[in-house]
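S.K.: structure of the sequence below:
(one chain, ligands or ions: 1)
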Amino acid sequence: MILRSSTAISHPNIAFIKYWGNADPELRLPSNGSISMNLEGLDTITSISKNTDDKSKHNLIINGKTQETSRVSTFLDKAGAMYGFHDTLVIESTNNFPMGAGIASSASAYSALAVALQKFYQLNLSSMELSTLARLGSGSACRSIPSGYVEWFQGNNHQTSYSISIASHDHWELFDCILVVNTGKKKIGSTEGHLRADTSPYQSVRVHDTDRRLEICRRAIINQDFEKFAWIIELDSDMMHAVMMTSNPPITYWQPASLAILQEVRKLRRSGIECAYTMDAGPNVHVICTKDHVKNILDHFEQFPGIHQLLLAKVGMGARSIPGQ
Ligand code: DP6
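M.R.: Model prediction:
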């Protein structure tokens, strides 16, 4: 059956053990394995169809606006050569979370696109194989394919660098309160940041210690041990930011408000509120908390200085196609 279009939904994810640096930037084989949870409530819906109006190029439309296509074209060329599809496409995508708020959308974008491609071209890939396809577009997209809590194995070639679910989305009801920090500064994107990771003398230390942190984090999730979980995710985030800050040239994503929030989160935890912080390649702080403490966190940070917006997400399912579309 030939489909005229195919639609998929996916979510971004927040990493607890971070991916920073690539062993192979072309294939996005990471320097270390990572663990994350999918963020339901933040949704990307992507539809693809053949570009019958202009067969010479792809047409990318995000939230109704035509976008520049170089990154998606590179992905489609690379993926098409591997999986055997060569059409020029119209890709229409909508995000229900604010663009420009610093929420990485490449993970949900490329995982949704991978699922839409799988259906459109009837690729018949397993979830693991699908995660490798998504990885070619954005490393972290690999982790938005399986459901719930996900581990991405580093691997050493295209086939062995894939993700699996280590616990389902209803295993442990954690929430991510995303505190969007005001910033006028232009940020350095992850793709550029990954290229700098090896210039930091701390990157090799971070990478060599990864298996230990992965094991602690995996166990903490399986056992729902919030104390261990909080300790290891904050350590991992701080280690990645130490690498960023000591790269050449250095990258400092922390803003004064970010640091004030990190300190506040630790203070709240000492007072018995189950919360822990983690930060990606930007000034926003993700406060991970248990269900009973979500309201506390949202109330507490509502009026906190330097916060522009609060977003809430729960543990989400993996990328999936939308039937009939
Ligand atoms: C700090 O997956 O955004 O969020 O592969 O170049 O698209 P590309 O990078 P990306 O990097 C994510 C970096 C991070 C940590 C993480 O999500 O593991």
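
S.K.: from here on, just use CA atoms for contacts and neighbour counts.
M.R.: OK.

S.K.: and the residue nearest to L27 when sequence neighbours are not counted, how many neighbours?
M.R.: Sequence neighbours aside, L136 is the residue nearest to L27 in space, at 5.7 Å (criterion: C-alpha to C-alpha, 6 or more residues apart in numbering). The tally of other residues near L136 (other C-alpha atoms under 10 Å) stands at 24.

S.K.: contact residues of the stretch 1-150 of the chain facing the ligand?
M.R.: 15, 18-20, 28, 106, 138-140 (C-alpha under 6 Å from any ligand atom).

S.K.: lowest-confidence entry in the residues you listed?
M.R.: Ranked by pLDDT, these bottom out at S106, which has 94.

S.K.: tell me how many other residues crowd the closest residue to that one other than its chain neighbours.
M.R.: Closest residue to S106 apart from its sequence neighbours, by C-alpha to C-alpha, 6+ apart: S138 at 6.1 Å. Counted with other C-alpha under 10 Å, the neighbours of S138 add up to 24.

S.K.: wait, S138 touches A104, no?
M.R.: No - judged on C-alpha atoms under 8 Å, S138 makes no contact with A104 at a distance of 10.4 Å.

S.K.: and the end-to-end length of stretch 200-209?
M.R.: One end of stretch 200-209 to the other measures 15 Å (C-alpha to C-alpha, to the nearest Å).

S.K.: near the ligand at all, it?
M.R.: No - Stretch 200-209 lies apart from the ligand when judged by C-alpha under 6 Å from any ligand atom; the minimum separation is 12.8 Å.

S.K.: what are the buried residues along the helix ranked longest in the chain?
M.R.: Longest helix in the chain, counting residues (DSSP state H): helix 226-245. Neighbour-count burial for helix 226-245 flags 226, 229-230, 232-237, 239-245 (criterion: 16 or more other C-alpha atoms under 10 Å).

S.K.: rewinding a little: what residues are up against the residue nearest to S106?
M.R.: 28, 106-107, 110 (C-alpha atoms under 8 Å, 6 or more residues apart in numbering).

S.K.: switch the cut-off to 7 Å
M.R.: Contact partners of S138, counting by C-alpha atoms under 7 Å, 6 or more residues apart in numbering, are 106-107, 110.

S.K.: all helices in the chain, in order from the N-terminus.
M.R.: 70-83, 106-120, 127-135, 190-196, 203-208, 210-223, 226-245, 256-270, 294-302.

S.K.: average pLDDT across the longest one?
M.R.: Computed over helix 226-245, the mean pLDDT rounds to 98.

S.K.: that helix to helix 210-223, inter-axis angle?
M.R.: Calculated by axes from the mean of the first three to the mean of the last three C-alpha atoms, to 10 degrees, helix 226-245 forms an angle of 150 degrees with helix 210-223.

S.K.: and helix 226-245, what does it pack against?
M.R.: Judged by 3 or more C-alpha pairs under 7 Å, 6 or more residues apart in numbering; DSSP states H and E, helix 226-245 is in contact with strand 13-17, helix 210-223, strand 275-278.

S.K.: got the CA coordinates for it in CSV?
M.R.: The C-alpha trace of helix 226-245 is given here as CSV (Å, rounded to 0.1, in the frame of the first residue of the first chain):
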residue,chain,number,x,y,z
PHE,A,226,15.0,9.2,45.3
GLU,A,227,18.0,10.0,47.5
LYS,A,228,20.5,8.1,45.3
PHE,A,229,18.8,9.4,42.2
ALA,A,230,19.0,13.0,43.3
TRP,A,231,22.7,12.7,44.2
ILE,A,232,23.7,11.0,41.0
ILE,A,233,21.8,13.3,38.5
GLU,A,234,23.1,16.4,40.2
LEU,A,235,26.6,15.1,40.1
ASP,A,236,26.3,14.1,36.4
SER,A,237,24.9,17.5,35.4
ASP,A,238,27.6,19.3,37.4
MET,A,239,30.3,17.1,35.7
MET,A,240,29.0,17.9,32.2
HIS,A,241,28.8,21.7,33.0
ALA,A,242,32.4,21.5,34.4
VAL,A,243,33.5,20.1,31.1
MET,A,244,31.6,22.8,29.2
MET,A,245,33.1,25.6,31.3
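
S.K.: check whether that helix contacts the ligand.
M.R.: No - using C-alpha under 6 Å from any ligand atom, helix 226-245 stays clear of the ligand, with a minimum separation of 7.8 Å.

S.K.: what's the most buried one of the helices of the chain?
M.R.: Ranked by mean neighbour count, these are led by helix 106-120 with a mean of 28 (mean count of other C-alpha atoms under 10 Å).

S.K.: okay, now the domains of the protein?
M.R.: What automatic domain parsing lists as the domains of the chain is 5-171, 174-315.

S.K.: may I see those domains organised as CSV, with distance to P323 added?
M.R.: Formatted as CSV, these follow (distance: least, C-alpha to C-alpha, whole Å):
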stretch, distance to P323
domain 5-171, 8
domain 174-315, 22
